[in-house]
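Colleague: just to be clear, the model below is a prediction. Sequence and coordinates:
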Amino acid sequence: MAERLTFTVTDESEGLRIDSYLASLCPDLSRSYIKKLIDDGLVLLNNAPVKASLKVSEGDIATIDVPELKIPDILPEKMDLAVRYEDDDILIVYKPQNMVVHPAPGNYTGTLVNGLLTHLDGRLSGINGVLRPGIVHRIDKDTSGLLVVCKNDVAHRIVAEQLKEHSITRRYLAVVIGNTDDEGVIDKPIGRNKTDRKKMAVDPTGKNAVTHYKTLERFKGYSLIECRLETGRTHQIRVHMASIGHPVLGDEVYGGLRKGFATHGQTLHAWILGLNRPSDGEYIEIKEEPPEYFQKILTSLRTL
């Protein structure tokens, strides 16, 4: 059965193409998928079929009928995974830039989960459903770094509880624009951006979010910082650093894009991950130095 979504166009969206307008309000649907729904007659504006290029006006009523998604089988894929630790319960793996953590509608192959299914022969926790087996936390596609993966539901619950209690160590390295204070705490709630649903924003009605940062090195117009997360909101570091005027270098979504740097995305790297092993409670900590592109940027900044 299709799900019908209805939106009233506000003055902020006046003049947008209807496919762009709906894509901004439906972050789980790609613009190409929305265009297909338009072509199939499943999108109406003021009860009339439309073309994707039609521009909306304030007060228009847009409706979109989204067919029930049929989730395909998530197939194992052979990958050269960078496993940094493994026991009977968990696995800590390095995820490079440009790799998605888990499948999502329209993107069912080439993800970390596809590779994990082969590496572990399907032995992954099922608490987070068929699209995210074994995944307790995630990092963005263009963020590199360490992730913990759970092989069974008991381990998953134990690790999830550590995340909830903020007892897992998660430290990130980031190059940000401008010179930051020696250290600081950013305690600002984060929620979905009201005008662009694909982005997050500091929002008083959002969820509690706390980021600690300290400056490791300063350059001419840039800083290398380490961030420690208390909470794990979507895009947390990127939103928080942008909110104090120091967006992450290369982050085109939150104002950190700068020409002249081969960033391939935000210069953000999850470099230390520590937790208590589910089997015996012993604390383990893994460190992963930033990738080559990150190192080259630091080298170039030191010569400015």
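Modeller: Perfect, I can see it now.

Colleague: tell me how far residue 139 lies from residue 197.
Modeller: Separation of residue 139 from residue 197 (C-beta to C-beta, to the nearest Å) stands at 21 Å. (C-beta placed from N, C-alpha, C; glycine too.)

Colleague: looking at the two, which is more packed in?
Modeller: Taking other C-beta atoms under 10 Å, residue 139 and residue 197 do not tie; residue 139 has more neighbours (21 against 15).

Colleague: ranges for the helices of the stretch 201-304 of the chain?
Modeller: Taking DSSP state H, counting those that start in this stretch, the helices of the stretch 201-304 of the chain run over residues 236-243, 292-301.

Colleague: what's the first one packed up against?
Modeller: Packing partners of helix 236-243 (3 or more C-beta pairs under 8 Å, 6 or more residues apart in numbering; DSSP states H and E): strand 169-177, strand 183-187, strand 190-192, strand 200-202, strand 210-218, strand 222-229.

Colleague: ok, of those strands, where does mean pLDDT dip lowest?
Modeller: Note on the helices and strands packed on helix 236-243: lowest mean pLDDT is at strand 190-192, with a mean of 91.

Colleague: list the helices and strands that one packs on?
Modeller: Packed against strand 190-192 by the contact rule (3+ C-beta pairs under 8 Å, 6+ apart) you find strand 200-202, helix 236-243.

Colleague: residue 224 bridge partners, please.
Modeller: Applying DSSP bridges to residue 224 gives these bridge partners: residue 175, residue 217.

Colleague: from what I can see it touches residue 246, true?
Modeller: No. With contact defined as C-beta atoms under 8 Å, residue 224 and residue 246 do not form a contacting pair (11.5 Å).

Colleague: so what does the nearest residue to residue 97 once chain neighbours are set aside look like in phi/psi?
Modeller: In this structure, residue 97 finds its nearest non-sequential neighbour in residue 144, 4.8 Å apart by C-beta to C-beta, 6 or more residues apart in numbering. Main-chain torsions, residue 144, degrees, to the nearest 10: phi -100, psi 160.

Colleague: partner residues bridging residue 144?
Modeller: With DSSP bridges as the rule, residue 144 is bridged to residue 269.

Colleague: for residue 228, same thing?
Modeller: residue 171, residue 212.

Colleague: and it, what does it touch?
Modeller: 169-172, 211-213 (C-beta atoms under 8 Å, 6 or more residues apart in numbering).

Colleague: could you provide those residues in CSV, with additional columns for distance to residue 42?
Modeller: Output for the contacts of residue 228, formatted as CSV (distance: C-beta to C-beta, whole Å):
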residue, distance to residue 42
169, 47
170, 41
171, 46
172, 41
211, 41
212, 46
213, 45
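
Colleague: which among those residues end up buried?
Modeller: By neighbour count, with 16 or more other C-beta atoms under 10 Å, those hold 169-172, 211, 213 as buried.

Colleague: which of those residues lies closest to residue 55?
Modeller: The shortest approach to residue 55 among those belongs to residue 211, at 38.9 Å (C-beta to C-beta).

Colleague: how is the protein carved up into domains?
Modeller: 3-66, 71-165, 166-277+290-304 (automatic domain parsing).
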